[in-house]
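> predicted model and sequence follow; I will ask about them next.
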Amino acid sequence: MPEILFESSFWLAVLQIIAIDILLGGDNAVVIALACRKLPEEQRRRGIFWGVAGAIGLRVVLIFFALQLLALPYLKVVGALLLLWIGIKLLQPEDDDAHGNIEGSTHLWGAIKTIIIADAVMSLDNVIAVAGAAKGNLGMVVFGIVISIPIIVWGSKFVLKLMDRFPIVITFGAALLGWIAGDMVIGDVVVKPYLVDAPSWLHYVSAASGAILVVLTGKFLASRKTAAAAPLHEIPLAANKDHS
């Protein structure tokens with residue numbers, strides 16, 4: 001393990017994991033706040049601490065199993081397709097009431113349980129993306145999560161403001177997921193034998209193709225959704241003009 005710390009590929013993968021956790025983990029910070037909002041002031045810190053600790057532990061276990069599954073035939077292809085979908089979905093307009101069903105608890109254990117369960121349900125995209133970036137290295141996963149979780153919990157407001165002010169950050173994040181998907185698909189045990197004599201730069205082309213596909217498709221679908229929603233707001237205005 002000490003030797004790998006000096007390899008640039010290790011730190012590149014860790015940075016990818018941190019970026020994924022921050023990008024896809026913003027909702028988790030909102031869930032933590034909602035789950036603990038009804039706790040007495042003195043219990044909130046304990047609720048956040050143990051809720052986050054439980055969520056981290058569960059996520060590491062889920063990623064461990066995901067890493068094992070990705071070694072099976074066609075699973076990396078399936079994982080890559082899911083990542084492409086997640087990246088495209090990231091570029092779509094969000095619903096304002098996405099967290100309306102998160103109940104706050106007045107008991108410490110209830111809040112902790114809510115955080116852990118909600119994190120498990122919401123972190124499927126995160127688990128797949130991190131497993132793809134880690135390329136079989138669980139130590140790298142743990143290292144990346146340990147660094148990124150505090151950023152998510154205590155820096156979520158800053159990250160959300162950054163995304164609101166510079167939407168290009170979200171586009172870069174979606175492109176990152178597409179990049180990982182493109183790289184993952186040619187690493188599948190079924191695909192590898194066909195690429196034995198392929199040039200070394202092929203994985204860069206595949207990764208870049210995934211990133212471009214996600215951004216172009218995501219932007220196209222987002223523009224269509226926005227255009228479809230626009231007439232709903234314009235109809236009343238047009239009607240008022242006709243009456244006047």
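Everything's here; your move. Numbers count the residues shown, from 1 in each chain.
> where does the prediction get shaky in this protein?
1-6, 24-34, 94-106, 118-125, 148, 151-161, 163, 229-244 (pLDDT under 70).
> which parts of it are strands?
In the chain, no segments count as strands under DSSP state E.
> the helices in it, which residues?
For the chain, the helices defined by DSSP state H occupy 8-24, 26-36, 41-69, 75-90, 108-122, 124-134, 138-165, 168-185, 202-243.
> the first one - contacts with which helices or strands?
Using 3 or more C-beta pairs under 8 Å, 6 or more residues apart in numbering; DSSP states H and E as the contact criterion, the secondary-structure elements in contact with helix 8-24 are helix 75-90, helix 124-134, helix 138-165, helix 168-185. The way it works is simple: take the backbone N, C-alpha and C, and place the C-beta from them, glycine included.
> out of those helices, which is closest to residue 211?
helix 168-185 (4.0 Å; C-beta to C-beta).
> buried sites along the closest one?
169-171, 173-185 (16 or more other C-beta atoms under 10 Å).
> contact partners of that helix?
For helix 168-185, contacts defined as C-beta atoms under 8 Å, 6 or more residues apart in numbering pick out 16, 19-20, 23, 70, 76-77, 79-81, 83-84, 86-88, 90-91, 129, 132-133, 162-163, 191, 203, 206-215, 218-219.
> filter those residues down to the buried ones, PyMOL style.
Buried residues within those, by 16+ other C-beta under 10 Å, are selected in PyMOL with:
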select buried, resi 16+19+20+23+70+76+77+79+80+83+84+86+87+88+90+91+129+132+133+163+191+203+206+207+210+211+213+214+215+218
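> ok, and which of the helices of the chain has the densest surroundings?
helix 124-134 (a mean of 25; mean count of other C-beta atoms under 10 Å).
> what's that one in contact with?
With contacts defined as C-beta under 8 Å, 6+ apart, helix 124-134 is touched by 13, 16-17, 20-21, 24-25, 59, 62-63, 66-67, 70, 76, 79-80, 82-83, 86, 140-141, 144-145, 177, 180-181, 183-184.
> quick check: angle from it to helix 8-24?
Relative orientation of helix 124-134 versus helix 8-24 (axes from the mean of the first three to the mean of the last three C-alpha atoms, to 10 degrees): 170 degrees.
> ok and helix 124-134 relative to helix 41-69, angle-wise?
Orientation of helix 124-134 against helix 41-69 (the same axes, to 10 degrees) gives an angle of 50 degrees.
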